[in-house]
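Enquirer: fold the following for me, if possible:
(one chain, ligands or ions: 1)
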Amino acid sequence: MRQKYDLLDALEKANLKGRSILGMDAFRTRDELQGLLDVAAFLEPYARTGGLNIIPSKVMASIFFEPSTRTRLGFESAMQKLGGSVISEATPMITSRVASGESIEDTLRTVSKYVHIIGMRHREAAVEAAVKAGAEVPVITGGFGGKEHPVQCIVDVYTMWRNLGKIEGLNVLIPGPELITSRVAHSQAYGLAMFNANIIFATEKDGRVPEDVMERLRGLNANVKEVIDPTGQELEDLMSQCDVLSMPAWVRGVPKEEPAKSEFLELAKKYYVGMGPLKKAKEAGRTVYVLHPLPRLDVEMDFEIDKTENSLIWDQVELSINTRMAMILCILYGT
Ligand code: CP
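Expert: Sure, this is the predicted structure:
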(Lines give C-alpha, C1' and ligand atoms only; values in the text may rest on other atoms or scores of the structure.)
Protein backbone atom coordinates (compact mmCIF):
# COMPACT_ATOMS: atom_id res chain seq x y z
CA MET A 1 0.00 0.00 0.00
CA ARG A 2 2.81 2.36 0.88
CA GLN A 3 4.17 2.01 -2.64
CA LYS A 4 0.74 2.75 -4.06
CA TYR A 5 0.59 6.07 -2.19
CA ASP A 6 4.14 6.86 -3.29
CA LEU A 7 3.10 6.23 -6.89
CA LEU A 8 0.13 8.58 -6.61
CA ASP A 9 2.32 11.27 -5.03
CA ALA A 10 4.89 10.90 -7.82
CA LEU A 11 2.22 10.99 -10.54
CA GLU A 12 0.85 14.23 -9.08
CA LYS A 13 4.35 15.68 -8.76
CA ALA A 14 5.15 14.92 -12.44
CA ASN A 15 2.03 16.90 -13.41
CA LEU A 16 1.90 15.52 -16.95
CA LYS A 17 -1.72 14.34 -17.02
CA GLY A 18 -3.20 14.81 -20.49
CA ARG A 19 -0.13 16.70 -21.75
CA SER A 20 2.28 16.04 -24.62
CA ILE A 21 6.04 15.66 -24.33
CA LEU A 22 7.39 17.43 -27.43
CA GLY A 23 10.55 18.66 -25.72
CA MET A 24 12.10 18.94 -22.28
CA ASP A 25 10.11 22.15 -21.77
CA ALA A 26 7.18 19.81 -21.00
CA PHE A 27 8.78 19.79 -17.53
CA ARG A 28 8.30 23.24 -16.07
CA THR A 29 10.21 22.60 -12.87
CA ARG A 30 12.88 20.28 -11.51
CA ASP A 31 10.21 18.85 -9.20
CA GLU A 32 8.09 17.77 -12.17
CA LEU A 33 11.05 16.00 -13.78
CA GLN A 34 11.93 14.40 -10.44
CA GLY A 35 8.29 13.25 -10.18
CA LEU A 36 8.66 11.41 -13.48
CA LEU A 37 11.90 9.76 -12.29
CA ASP A 38 10.12 8.71 -9.09
CA VAL A 39 7.34 7.09 -11.14
CA ALA A 40 10.02 5.35 -13.24
CA ALA A 41 11.70 4.06 -10.06
CA PHE A 42 8.37 2.69 -8.81
CA LEU A 43 7.82 0.92 -12.14
CA GLU A 44 11.36 -0.51 -12.51
CA PRO A 45 10.65 -3.90 -10.88
CA TYR A 46 7.46 -4.27 -12.92
CA ALA A 47 9.32 -3.49 -16.16
CA ARG A 48 11.82 -6.22 -15.36
CA THR A 49 9.04 -8.76 -14.87
CA GLY A 50 5.61 -9.06 -16.47
CA GLY A 51 4.47 -5.49 -15.99
CA LEU A 52 1.24 -4.37 -14.31
CA ASN A 53 -2.25 -4.16 -15.71
CA ILE A 54 -2.86 -0.51 -14.83
CA ILE A 55 -4.28 1.05 -18.05
CA PRO A 56 -5.87 -1.94 -19.83
CA SER A 57 -8.36 0.12 -21.85
CA LYS A 58 -5.82 2.50 -23.34
CA VAL A 59 -4.36 2.31 -26.86
CA MET A 60 -1.16 3.86 -28.20
CA ALA A 61 -0.27 4.52 -31.83
CA SER A 62 3.42 4.50 -32.70
CA ILE A 63 4.10 6.34 -35.97
CA PHE A 64 7.73 6.49 -37.05
CA PHE A 65 8.73 8.46 -40.16
CA GLU A 66 12.42 7.75 -39.44
CA PRO A 67 14.11 4.43 -38.64
CA SER A 68 14.16 3.33 -35.02
CA THR A 69 14.82 0.19 -33.05
CA ARG A 70 14.80 1.28 -29.42
CA THR A 71 12.36 4.16 -29.32
CA ARG A 72 9.52 2.54 -31.29
CA LEU A 73 9.82 -0.96 -29.86
CA GLY A 74 10.56 0.46 -26.40
CA PHE A 75 7.30 2.49 -26.52
CA GLU A 76 5.39 -0.58 -27.65
CA SER A 77 6.87 -2.82 -24.97
CA ALA A 78 6.23 -0.16 -22.30
CA MET A 79 2.58 0.30 -23.31
CA GLN A 80 1.98 -3.45 -23.27
CA LYS A 81 3.67 -3.78 -19.87
CA LEU A 82 1.17 -1.22 -18.54
CA GLY A 83 -1.67 -3.43 -19.80
CA GLY A 84 -2.46 -1.19 -22.76
CA SER A 85 -2.34 -2.07 -26.44
CA VAL A 86 -0.55 -0.64 -29.46
CA ILE A 87 -1.19 0.00 -33.13
CA SER A 88 1.93 0.72 -35.12
CA GLU A 89 2.93 2.43 -38.36
CA ALA A 90 6.65 1.77 -38.85
CA THR A 91 6.81 2.71 -42.54
CA PRO A 92 4.26 5.54 -42.96
CA MET A 93 5.99 6.88 -46.08
CA ILE A 94 5.11 3.59 -47.77
CA THR A 95 2.06 2.19 -46.04
CA SER A 96 0.04 5.22 -44.83
CA ARG A 97 -1.81 7.82 -46.89
CA VAL A 98 0.99 10.29 -46.18
CA ALA A 99 2.59 8.43 -49.08
CA SER A 100 -0.34 9.66 -51.23
CA GLY A 101 0.16 13.23 -50.08
CA GLU A 102 -2.16 13.36 -47.05
CA SER A 103 -0.95 15.94 -44.54
CA ILE A 104 0.57 15.02 -41.20
CA GLU A 105 -2.08 17.22 -39.61
CA ASP A 106 -4.98 15.22 -41.10
CA THR A 107 -3.19 11.95 -40.38
CA LEU A 108 -2.79 12.81 -36.70
CA ARG A 109 -6.34 14.12 -36.41
CA THR A 110 -7.53 10.78 -37.81
CA VAL A 111 -5.31 8.63 -35.60
CA SER A 112 -6.43 10.67 -32.57
CA LYS A 113 -9.92 9.20 -33.05
CA TYR A 114 -8.48 5.68 -32.66
CA VAL A 115 -6.07 5.97 -29.73
CA HIS A 116 -5.39 7.73 -26.41
CA ILE A 117 -1.73 8.63 -26.99
CA ILE A 118 0.73 8.80 -29.90
CA GLY A 119 4.49 8.09 -29.93
CA MET A 120 6.08 9.60 -33.01
CA ARG A 121 9.39 10.32 -34.78
CA HIS A 122 9.93 12.50 -37.84
CA ARG A 123 12.99 13.69 -39.75
CA GLU A 124 11.88 17.37 -39.68
CA ALA A 125 11.76 19.51 -36.55
CA ALA A 126 9.15 21.67 -38.30
CA VAL A 127 6.63 18.81 -38.01
CA GLU A 128 5.93 20.05 -34.47
CA ALA A 129 3.55 22.71 -35.84
CA ALA A 130 1.47 20.04 -37.63
CA VAL A 131 1.48 17.90 -34.48
CA LYS A 132 0.17 20.79 -32.40
CA ALA A 133 -2.47 21.61 -35.02
CA GLY A 134 -3.63 18.06 -35.78
CA ALA A 135 -3.20 15.81 -32.75
CA GLU A 136 -6.19 15.67 -30.41
CA VAL A 137 -4.48 13.30 -27.96
CA PRO A 138 -1.10 13.69 -26.21
CA VAL A 139 1.99 13.06 -28.34
CA ILE A 140 5.41 11.96 -27.13
CA THR A 141 8.18 12.75 -29.59
CA GLY A 142 10.90 10.16 -30.06
CA GLY A 143 12.85 12.79 -32.02
CA PHE A 144 11.72 15.48 -34.45
CA GLY A 145 14.66 16.28 -36.75
CA GLY A 146 17.80 17.49 -35.02
CA LYS A 147 16.01 19.49 -32.34
CA GLU A 148 15.15 17.32 -29.35
CA HIS A 149 14.81 13.72 -28.15
CA PRO A 150 13.25 14.07 -24.68
CA VAL A 151 12.54 10.33 -24.39
CA GLN A 152 16.27 9.58 -24.61
CA CYS A 153 17.06 12.39 -22.16
CA ILE A 154 14.74 10.88 -19.58
CA VAL A 155 16.33 7.46 -20.07
CA ASP A 156 19.78 9.03 -19.67
CA VAL A 157 19.12 11.16 -16.58
CA TYR A 158 17.34 8.21 -14.95
CA THR A 159 20.32 5.95 -15.73
CA MET A 160 22.72 8.47 -14.15
CA TRP A 161 20.51 9.05 -11.09
CA ARG A 162 19.94 5.32 -10.61
CA ASN A 163 23.59 4.32 -10.97
CA LEU A 164 25.45 7.29 -9.52
CA GLY A 165 22.90 8.24 -6.85
CA LYS A 166 22.68 11.88 -7.93
CA ILE A 167 22.92 14.20 -10.93
CA GLU A 168 23.64 17.51 -9.19
CA GLY A 169 27.31 18.44 -9.46
CA LEU A 170 28.26 15.68 -11.90
CA ASN A 171 30.72 16.74 -14.61
CA VAL A 172 29.13 15.48 -17.81
CA LEU A 173 31.20 15.64 -21.00
CA ILE A 174 29.25 15.57 -24.29
CA PRO A 175 31.88 15.24 -27.07
CA GLY A 176 31.35 14.92 -30.80
CA PRO A 177 32.46 16.38 -34.13
CA GLU A 178 28.92 17.65 -34.75
CA LEU A 179 26.49 18.74 -32.05
CA ILE A 180 24.31 21.02 -34.19
CA THR A 181 21.82 18.29 -35.08
CA SER A 182 22.41 16.07 -32.04
CA ARG A 183 18.90 16.01 -30.61
CA VAL A 184 20.11 13.69 -27.85
CA ALA A 185 22.76 16.21 -26.75
CA HIS A 186 20.28 19.11 -26.73
CA SER A 187 17.59 17.35 -24.71
CA GLN A 188 20.09 15.76 -22.36
CA ALA A 189 21.66 19.15 -21.64
CA TYR A 190 18.24 20.61 -20.74
CA GLY A 191 17.59 17.71 -18.36
CA LEU A 192 21.06 17.93 -16.80
CA ALA A 193 20.69 21.70 -16.40
CA MET A 194 17.44 21.22 -14.44
CA PHE A 195 19.39 19.01 -12.01
CA ASN A 196 22.40 21.40 -11.77
CA ALA A 197 24.97 19.12 -13.40
CA ASN A 198 28.05 20.68 -15.00
CA ILE A 199 27.79 20.28 -18.78
CA ILE A 200 30.82 20.38 -21.07
CA PHE A 201 30.24 20.35 -24.84
CA ALA A 202 33.41 19.54 -26.82
CA THR A 203 33.04 19.96 -30.56
CA GLU A 204 34.29 21.58 -33.75
CA LYS A 205 33.75 25.26 -34.59
CA ASP A 206 31.39 24.27 -37.42
CA GLY A 207 29.57 21.76 -35.23
CA ARG A 208 28.71 23.97 -32.25
CA VAL A 209 25.44 23.55 -30.37
CA PRO A 210 22.96 26.04 -31.92
CA GLU A 211 22.69 29.44 -30.25
CA ASP A 212 18.98 28.96 -29.45
CA VAL A 213 19.88 25.83 -27.45
CA MET A 214 22.68 27.68 -25.61
CA GLU A 215 20.30 30.57 -24.90
CA ARG A 216 17.70 28.21 -23.43
CA LEU A 217 20.40 26.57 -21.32
CA ARG A 218 21.47 29.98 -20.01
CA GLY A 219 17.79 30.64 -19.22
CA LEU A 220 17.88 27.51 -17.06
CA ASN A 221 20.99 28.92 -15.28
CA ALA A 222 22.92 25.95 -16.63
CA ASN A 223 26.53 25.37 -15.67
CA VAL A 224 27.58 24.91 -19.29
CA LYS A 225 30.97 25.22 -20.97
CA GLU A 226 31.99 24.81 -24.60
CA VAL A 227 35.40 23.53 -25.67
CA ILE A 228 35.77 24.36 -29.37
CA ASP A 229 38.21 22.65 -31.77
CA PRO A 230 39.86 20.59 -29.01
CA THR A 231 43.11 18.81 -29.78
CA GLY A 232 43.26 15.04 -29.38
CA GLN A 233 45.20 15.52 -26.13
CA GLU A 234 42.65 18.00 -24.77
CA LEU A 235 39.86 15.53 -25.53
CA GLU A 236 41.75 12.71 -23.85
CA ASP A 237 42.19 14.90 -20.74
CA LEU A 238 38.51 15.91 -20.71
CA MET A 239 37.47 12.27 -21.10
CA SER A 240 39.63 11.12 -18.22
CA GLN A 241 38.58 13.98 -15.92
CA CYS A 242 34.78 13.88 -16.27
CA ASP A 243 32.35 11.82 -14.19
CA VAL A 244 30.12 10.91 -17.13
CA LEU A 245 31.22 10.67 -20.74
CA SER A 246 27.92 10.94 -22.57
CA MET A 247 28.34 10.08 -26.23
CA PRO A 248 25.67 11.81 -28.29
CA ALA A 249 25.33 9.39 -31.26
CA TRP A 250 26.68 11.85 -33.81
CA VAL A 251 26.29 9.42 -36.74
CA ARG A 252 23.01 11.08 -37.82
CA GLY A 253 25.09 14.15 -38.66
CA VAL A 254 27.55 12.40 -40.99
CA PRO A 255 27.28 13.98 -44.47
CA LYS A 256 25.75 11.64 -47.06
CA GLU A 257 27.90 12.75 -50.01
CA GLU A 258 31.62 12.41 -50.70
CA PRO A 259 34.10 14.02 -50.18
CA ALA A 260 32.34 15.67 -47.22
CA LYS A 261 31.61 12.26 -45.67
CA SER A 262 35.26 11.11 -45.70
CA GLU A 263 36.47 14.50 -44.47
CA PHE A 264 33.99 14.40 -41.58
CA LEU A 265 34.93 10.85 -40.57
CA GLU A 266 38.63 11.78 -40.67
CA LEU A 267 37.96 14.73 -38.33
CA ALA A 268 35.80 12.51 -36.10
CA LYS A 269 38.74 10.21 -35.35
CA LYS A 270 39.91 12.41 -32.50
CA TYR A 271 36.51 11.97 -30.78
CA TYR A 272 36.95 8.17 -30.69
CA VAL A 273 36.46 6.86 -27.16
CA GLY A 274 39.00 4.20 -26.35
CA MET A 275 40.10 2.52 -23.14
CA GLY A 276 42.98 5.00 -22.55
CA PRO A 277 41.15 7.82 -20.72
CA LEU A 278 39.09 5.33 -18.70
CA LYS A 279 42.24 3.54 -17.52
CA LYS A 280 43.90 6.88 -16.72
CA ALA A 281 40.94 7.84 -14.51
CA LYS A 282 41.03 4.41 -12.87
CA GLU A 283 44.73 4.89 -12.02
CA ALA A 284 43.72 8.14 -10.33
CA GLY A 285 41.11 6.24 -8.27
CA ARG A 286 38.10 7.43 -10.24
CA THR A 287 35.50 5.83 -12.51
CA VAL A 288 34.34 7.55 -15.69
CA TYR A 289 30.89 6.25 -16.65
CA VAL A 290 30.17 5.97 -20.38
CA LEU A 291 26.71 6.47 -21.86
CA HIS A 292 25.65 6.08 -25.49
CA PRO A 293 22.00 6.18 -26.68
CA LEU A 294 22.74 3.80 -29.58
CA PRO A 295 22.90 3.06 -32.45
CA ARG A 296 26.71 3.30 -32.62
CA LEU A 297 29.42 2.62 -35.16
CA ASP A 298 32.88 1.19 -34.52
CA VAL A 299 34.40 4.52 -35.62
CA GLU A 300 32.97 6.06 -32.44
CA MET A 301 34.24 3.84 -29.65
CA ASP A 302 35.93 0.66 -28.53
CA PHE A 303 33.09 -1.82 -28.02
CA GLU A 304 35.24 -3.63 -25.41
CA ILE A 305 34.16 -0.81 -23.05
CA ASP A 306 30.89 -2.75 -22.76
CA LYS A 307 32.74 -5.34 -20.68
CA THR A 308 34.07 -2.81 -18.16
CA GLU A 309 32.52 -1.27 -15.04
CA ASN A 310 32.59 2.05 -16.94
CA SER A 311 29.79 1.18 -19.33
CA LEU A 312 26.19 2.15 -18.55
CA ILE A 313 25.20 1.67 -22.18
CA TRP A 314 23.21 -1.54 -21.74
CA ASP A 315 21.75 -0.21 -18.47
CA GLN A 316 20.34 2.64 -20.58
CA VAL A 317 18.63 0.12 -22.86
CA GLU A 318 17.24 -1.87 -19.95
CA LEU A 319 16.07 1.21 -18.03
CA SER A 320 14.38 2.61 -21.11
CA ILE A 321 11.30 0.47 -20.52
CA ASN A 322 10.36 1.65 -17.03
CA THR A 323 11.12 5.25 -18.02
CA ARG A 324 8.85 4.96 -21.09
CA MET A 325 6.19 3.29 -18.94
CA ALA A 326 6.49 6.27 -16.59
CA MET A 327 6.01 8.81 -19.38
CA ILE A 328 2.92 7.03 -20.70
CA LEU A 329 1.42 6.48 -17.24
CA CYS A 330 2.03 10.07 -16.09
CA ILE A 331 0.16 11.29 -19.17
CA LEU A 332 -2.72 8.76 -19.16
CA TYR A 333 -3.45 7.99 -15.52
CA GLY A 334 -6.84 9.20 -14.43
CA THR A 335 -7.88 10.18 -17.98
N1 CP B 1 18.39 5.81 -28.97
C2 CP B 1 17.49 5.77 -29.97
O3 CP B 1 16.74 6.72 -30.18
O4 CP B 1 17.52 4.63 -30.71
P5 CP B 1 16.61 4.32 -31.97
O6 CP B 1 17.04 5.30 -33.07
O7 CP B 1 16.89 2.90 -32.34
O8 CP B 1 15.19 4.56 -31.60
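
Enquirer: can you name the residue of the stretch 101-250 of the chain nearest to the ligand?
Expert: Using C-beta to the nearest ligand atom, Gln152 is the residue of the stretch 101-250 of the chain that sits closest to the ligand, at 5.2 Å. (Glycine included, C-beta is placed from N, CA and C.)

Enquirer: what segments of the stretch 1-150 of the chain are helices?
Expert: For the stretch 1-150 of the chain, the helices defined by DSSP state H, counting those that start in this stretch cover 2-14, 30-48, 70-81, 92-95, 104-112, 127-134, 150-164.

Enquirer: how about these in JSON lines, adding mean neighbour count and mean pLDDT?
Expert: Shown next, in JSON lines, are those (neighbours: other C-beta atoms under 10 Å; pLDDT from 0 to 100):
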{"stretch": "helix 2-14", "mean neighbour count": "15", "mean pLDDT": "84"}
{"stretch": "helix 30-48", "mean neighbour count": "20", "mean pLDDT": "97"}
{"stretch": "helix 70-81", "mean neighbour count": "22", "mean pLDDT": "98"}
{"stretch": "helix 92-95", "mean neighbour count": "12", "mean pLDDT": "96"}
{"stretch": "helix 104-112", "mean neighbour count": "18", "mean pLDDT": "98"}
{"stretch": "helix 127-134", "mean neighbour count": "17", "mean pLDDT": "98"}
{"stretch": "helix 150-164", "mean neighbour count": "24", "mean pLDDT": "98"}
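
Enquirer: rewinding a little: list the contacts of the residue of the stretch 101-250 of the chain closest to the ligand.
Expert: Residues near Gln152 by C-beta atoms under 8 Å, 6 or more residues apart in numbering: 71, 143, 183-184, 187-188, 293.

Enquirer: could you tell me which of those belong to helices?
Expert: Of the contacts of Gln152, the ones assigned to helices by DSSP state H are 71, 183-184, 187-188.

Enquirer: what parts of this protein come near the ligand?
Expert: Listed as neighbours of the ligand in the chain under the rule C-beta under 6 Å from any ligand atom: 68-71, 152, 293-295.

Enquirer: mind doing that once more with 8 Å?
Expert: By the rule C-beta under 8 Å from any ligand atom, the part of the chain lying against the ligand is 66-72, 74, 121, 142-143, 149, 151-152, 155, 184, 249, 293-295.

Enquirer: quick one: contacts for Glu234?
Expert: Here Glu234 is in contact with 202, 227 (C-beta under 8 Å, 6+ apart).

Enquirer: and Ala268, by the same measure?
Expert: By C-beta under 8 Å, 6+ apart, the residues touching Ala268 are 176-177, 250, 254, 299-300.

Enquirer: farthest-separated two in the residues you listed?
Expert: Farthest pair in those (C-beta to C-beta) is Gly176 and Val299. Separation: 11.8 Å.

Enquirer: more neighbours, these two?
Expert: Legend: neighbour count by other C-beta atoms under 10 Å for Gly176 and Val299, higher for Gly176 (24 against 12).

Enquirer: can you report how many residues lie near the nearest residue to that one once chain neighbours are set aside?
Expert: Setting aside the residues directly before and after it, Gly176 is nearest to Trp250 in space (C-beta to C-beta, 6 or more residues apart in numbering), at 3.9 Å. For Trp250, the count of nearby residues is 25 (other C-beta under 10 Å).

Enquirer: likewise the one 4 residues further on?
Expert: Neighbouring residues of Val254 were enumerated by other C-beta under 10 Å; the total is 15.

Enquirer: you'd agree it is up against Phe264?
Expert: Yes - using C-beta atoms under 8 Å, Val254 makes contact with Phe264 at a distance of 5.7 Å.

Enquirer: quick one: common contacting residues for those two?
Expert: Glu178.

Enquirer: and the gap between the closest residue to Leu22 other than its chain neighbours and Thr71?
Expert: Closest residue in space to Leu22, ignoring its immediate chain neighbours: Thr141 at 5.1 Å, by C-beta to C-beta, 6+ apart. To Thr71, Thr141 is 9 Å away according to C-beta to C-beta, to the nearest Å.

Enquirer: likewise for Met301?
Expert: 21 Å.

Enquirer: run a quick neighbour tally on Lys205.
Expert: The number of residues near Lys205, taken as other C-beta under 10 Å, comes to 7.

Enquirer: next one: it, what pLDDT does it get?
Expert: Note for Lys205: predicted pLDDT of 96.

Enquirer: I figured Met247 hits Pro175, correct?
Expert: Yes - counting by C-beta under 8 Å, Met247 touches Pro175, with 7.3 Å between them.

Enquirer: what is in contact with those two at once?
Expert: Taking C-beta under 8 Å, 6+ apart as the criterion, Met247 and Pro175 both touch Val273.

Enquirer: number of nearby residues for Thr329?
Expert: Small correction: residue 329 is Leu, not Thr. Using other C-beta under 10 Å, Leu329 has 28 neighbouring residues.

Enquirer: which element is it on?
Expert: Here Leu329 sits within helix 313-332, counting by DSSP states H and E.

Enquirer: and Ala78, how far is that from the ligand?
Expert: 13 Å (C-beta to the nearest ligand atom, to the nearest Å).
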